[in-house]
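Q: fold the following and give me the result.
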Amino acid sequence: MSKKTSIICMGLAALLCVAGMTQMYRMMTTENSVSAEEVESVDVEEEPQDLTSHCIPDDYDLNYRIHGDTAEVYKMVYTMASPEEVVVADTYDGLPVTSIAEETFTGFALVKYFSLPDSIEKIGSFAFYKCNSLQEIDLPKNLKTIDEAAFLECNSLKTVYLYDDLESIGNSCFDFSLKDVYYSGTEEQWNAIKIGEENTHLEKATIHFNADSADPTEEATVRSYYDGNSDNNSLVSLNVTGDVNEDGTVDIVDVLALNQY
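A: Numbers count the residues shown, from 1 in each chain. Below is the predicted model of the structure:
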């Protein structure tokens, strides 16, 4: 091989070597490069979702089920926040809602108000157990049965309205916070109600007979209370009716005045 040919071959080899190195560099830089779109997606952090805007306090559902020709409410579910007020429907699928199943509202500690239809005839056991924000409840006028522990550990419940269709109250229905029971019937009707065991808190409460929750100015009101100071802890009744403060009218002031007796 001539000297000239050798020089040409060496030059070609050098060019091929340079070309190969250039190609390798391009491949390496391509693998490690990041596109503009990718840089933007990495550098820009996604704003956290504001969940509070989706917390609808009244966004809850009551589940009902059918028993023959009547229905009952048996479960409550909610999305983000517990409601403060719950309204039970009087009909479901064209049928009257006549009962609240056991444990339906157990543990809903933030609910303050329950609106119950007069079609309800039975409240199941532990139905309102540990509803600790409940302070007052107007129970249905057609209610006949309150099963055991229905309002047990409702530690803020002070006032209950009951009606003369009531036939039975189960064991341990109320807790120590109960102070006043407004009953639409007479004392005789009250005494005919079958009251279960361990209802000391109910017995100690003030019972206002012939009282109507819709009209606290009802003419006749009888207050009964549990005399814890007497030797036999007997039930004492004081008959106080009409215009208690003798101002010429029967109004809410007279009802409040009863607490002085």
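
Q: can we go C-alpha only for contacts and neighbour counts from here?
A: Fine.

Q: show me the helices in the stretch 101-250 of the chain, by range?
A: For the stretch 101-250 of the chain, helices defined by DSSP state H, counting those that start in this stretch occupy the ranges 187-191, 200-204.

Q: kindly compare burial across those helices and name the winner.
A: Across the helices of the stretch 101-250 of the chain, averaging neighbours per residue (mean count of other CA atoms under 10 Å) puts helix 200-204 on top, at a mean of 18.

Q: export that helix as PDB, just CAs?
A: What follows is helix 200-204 as a C-alpha-only set of coordinates in PDB (Å, rounded to 0.1, in the frame of the first residue of the first chain):
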ATOM      1  CA  THR A 200     -85.300   6.500  87.600                       C
ATOM      2  CA  HIS A 201     -84.400   9.500  85.500                       C
ATOM      3  CA  LEU A 202     -87.900   9.600  84.000                       C
ATOM      4  CA  GLU A 203     -89.400   9.200  87.500                       C
ATOM      5  CA  LYS A 204     -87.400  12.100  88.800                       C
END
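
Q: avg pLDDT for that helix?
A: For helix 200-204, mean pLDDT rounds to 96.

Q: try stretch 124-138
A: Mean predicted confidence for stretch 124-138 is 97.

Q: re earlier: tell me which of the helices of the stretch 101-250 of the chain sits nearest to L134.
A: Closest approach to L134 among those is made by helix 200-204 (16.5 Å; CA to CA).

Q: which elements pack onto the closest one?
A: strand 220-226 (3 or more CA pairs under 8 Å, 6 or more residues apart in numbering; DSSP states H and E).

Q: for the strand it packs on, what is the average pLDDT?
A: 46.

Q: again with stretch 142-157
A: For stretch 142-157, the per-residue pLDDT averages 98.

Q: hmm, who's touching that stretch?
A: Contacts with stretch 142-157, where a contact means CA atoms under 8 Å, 6 or more residues apart in numbering, come from 118-137, 163, 165-178, 196.

Q: and the helices of the stretch 101-250 of the chain as a markdown table, adding distance to F105?
A: Below are those laid out as a markdown table (distance: least, CA to CA, whole Å):
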| stretch | distance to F105 |
| --- | --- |
| helix 187-191 | 27 |
| helix 200-204 | 21 |
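
Q: of all the ones you listed, which lies closest to E84?
A: Nearest to E84, of the helices of the stretch 101-250 of the chain and by CA to CA, is helix 200-204 at 25.7 Å.

Q: quick one: low-confidence ranges for the chain?
A: Across the chain, the ranges flagged by pLDDT under 70 are 1-59, 79-80, 213-261.

Q: give me the buried entries from the contacts of stretch 142-157.
A: The neighbour count (16 or more other CA atoms under 10 Å) marks 118-137, 163, 165-178 as buried among those.

Q: from the residues you listed, which ones fall inside strands?
A: Counted as lying in strands by DSSP state E, out of the buried ones among the contacts of stretch 142-157, are K122, I123, E136, I137, S168, I169.

Q: dump those into CSV; add distance to E84 as well.
A: Below are those laid out as CSV (distance: CA to CA, whole Å):
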residue, distance to E84
K122, 23
I123, 20
E136, 13
I137, 13
S168, 29
I169, 26
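
Q: what is the most widely separated pair among the residues you listed?
A: Farthest pair in these (CA to CA) is E136 and S168. Separation: 20.1 Å.

Q: just to revisit the earlier point, just give me the closest of the ones in strands among the buried ones among the contacts of stretch 142-157 to A211.
A: Taking CA to CA as the measure, A211 sits nearest to I137 out of these, at 14.4 Å.

Q: show me what contacts the nearest residue to the closest one once chain neighbours are set aside?
A: Distances taken as CA to CA, 6 or more residues apart in numbering place V160 nearest to I137, at 5.2 Å, with adjacent residues excluded. Residues counted as contacts of V160 (CA under 8 Å, 6+ apart) are E136, I137, D138, L139, L178, D180, V181, Y182.

Q: good, we can wrap up now.
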